[in-house]
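Visitor: Have a look at this prediction, sequence included:
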Amino acid sequence: MSHSSRIIVEIIEMPKLKNPPLICGLPGSGYVGKLAVDHLIEELKGVPFANIFSSSFPPQVLIQSDGTADLMKNTLYYCKGKSSDLVLLSGDAQPVSPESEYEMAEEITKICEKLGVKTIYTLAAYITGSFTHTQKVYGTSTSPQIVKEFSKYGVLPMNSGSITGMNGLIIGVGKRKNITGVCLLGETSGYVVDAKASKSILETIAKILNLKLDLSGISKKAQDTEQLVKTIEEQMGTRHSPDSLPMTQHDKKLGYIS
């Protein structure tokens, strides 16, 4: 039986932008990418210009801070800058079926073509399965030239493995449309909402794109992450070393990721 999902793209207004890269942060492990992009939207005063709805998002409505309810969606924002503008993508969910993930990536890259986006950055989590006190940032790109330049920004190039979900697909589909893709992954255990990893990715993207960012808000959240990790480590004490923690779907759903 073929399953066809419906995607609805609702354009509020198509902005005229100069030379904008797209930065994507969708919910995934540790909410690493989403926290980072939500920080950018807030700080750079992103203006929403398009919503994407899909029948392959989880079937629920989300209650907004003003008490109203709305379908789950992904939203595109633009920010005007002095030398170049930015497009930001944040969302409530990623699609749940492979077909709909491909369709969603197609829709997003189509919008990129209309806006003249030449480079897409996806922000993701590099899951280690254990708590580390370093904050490494890993990276991959569809352009060999960019991979060569990673070391300038302290990014460790990946040379094996795969990136699942939208963070990988958007740059893969973009490559076929001659849009350069870069995925930056913040090192995280995968057990907690990890603002520390988000902060290290934000520092990296600020260097790459030459953005002036105030990271005090995310630093505060990063301290909370550290506190939470400490508490978990103390609770585990002698029972487990963090390395022996089983990482199952069950943990992912119920664990510390809310």
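Guide: On my side now, so go ahead.

Visitor: Helix, strand, or coil at L185?
Guide: In three-state terms, and counting by DSSP: H, G, I helix; E, B strand; the rest coil, L185 is strand.

Visitor: For it, give the beta-bridge partners.
Guide: In this structure, L185 has the following beta-bridge partners (DSSP bridges): A124, Y138.

Visitor: residues touching it, list them.
Guide: By CB atoms under 8 Å, 6 or more residues apart in numbering, the residues touching L185 are V32, L123, A124, A125, Y126, V137, Y138, G139, M158, I163, I201. The way it works is simple: take the backbone N, C-alpha and C, and place the C-beta from them, glycine included.

Visitor: Enumerate every residue touching the last one.
Guide: Spelled out, that is I201. With contact taken as CB under 8 Å, 6+ apart, I201 is in contact with V32, G33, A36, L123, V137, L184, L185, G186.

Visitor: Same question for L89.
Guide: The contact partners of L89, taken as CB under 8 Å, 6+ apart, are L22, I23, C24, G25, L26, V37, N74, T75, L76, Y77, I108.

Visitor: Toward the C-terminus from the host helix or strand of it, list the very next helix or strand.
Guide: If you go by DSSP states H and E, L89 is part of strand 86-91. The C-terminal neighbour of strand 86-91 among helices and strands, as given by DSSP H and E, is helix 98-115.

Visitor: Measure how that following helix sits relative to strand 86-91, angle-wise.
Guide: Computed with axes from the mean of the first three to the mean of the last three CA atoms, to 10 degrees, the direction of helix 98-115 lies at 160 degrees from that of strand 86-91.

Visitor: looking at this, D66 is in a helix?
Guide: No - residue assignment for D66, taken from three-state DSSP, gives coil, which places it outside any helix.

Visitor: and it, how far is that from K80?
Guide: For D66, the distance to K80 (CB to CB, to the nearest Å) stands at 26 Å.

Visitor: Show me which of these two is the more surrounded one.
Guide: In terms of neighbours (other CB atoms under 10 Å), K80 is the more surrounded of D66 and K80; the figures are 16 against 5.

Visitor: per-residue confidence for that one?
Guide: On the pLDDT scale, K80 is placed at 91.

Visitor: got a list of what it touches?
Guide: Residues in contact with K80 (CB under 8 Å, 6+ apart) are L17.

Visitor: May I have the phi/psi pair for it?
Guide: Phi and psi for K80, reported as degrees, to the nearest 10, are phi -90, psi 130.

Visitor: next one: V229
Guide: Backbone phi and psi, for V229 under degrees, to the nearest 10, turn out to be phi -60, psi -40.

Visitor: what residues are up against the nearest residue in space to it that is not next to it in sequence?
Guide: In space, and not counting its chain neighbours, V229 is closest to F131: 5.2 Å by CB to CB, 6 or more residues apart in numbering. Contacts were defined as CB under 8 Å, 6+ apart; by that measure F131 touches S189, Y191, V229, I232, E233, P242.

Visitor: How far does the host helix or strand of the fifth one sit from its chain's centre?
Guide: Using DSSP H and E, E233 sits within helix 216-236. Helix 216-236 has its C-alpha centroid displaced from the chain centroid by 20 Å (CA atoms, centre = their mean, to the nearest Å).

Visitor: List the buried residues of that helix.
Guide: Judged by neighbour count using 16 or more other CB atoms under 10 Å, the buried positions of helix 216-236 are I218, K221, A222, T225, E226, L228, V229, I232.

Visitor: before we move on, what about stretch 201-216?
Guide: When burial is assessed from 16+ other CB under 10 Å, stretch 201-216 yields the following buried residues: I201, L202, E203, T204, I205, I208, L209, L211, L213, L215.

Visitor: and the helix or strand hosting the second one, what's its mean pLDDT?
Guide: So the one you mean is L202. If you go by DSSP H and E, L202 is part of helix 195-209. In this model, helix 195-209 has a mean pLDDT of 90.

Visitor: Now do it against strand 86-91, angle only.
Guide: With the same axes, to 10 degrees defining the directions, helix 195-209 sits at 160 degrees from strand 86-91.
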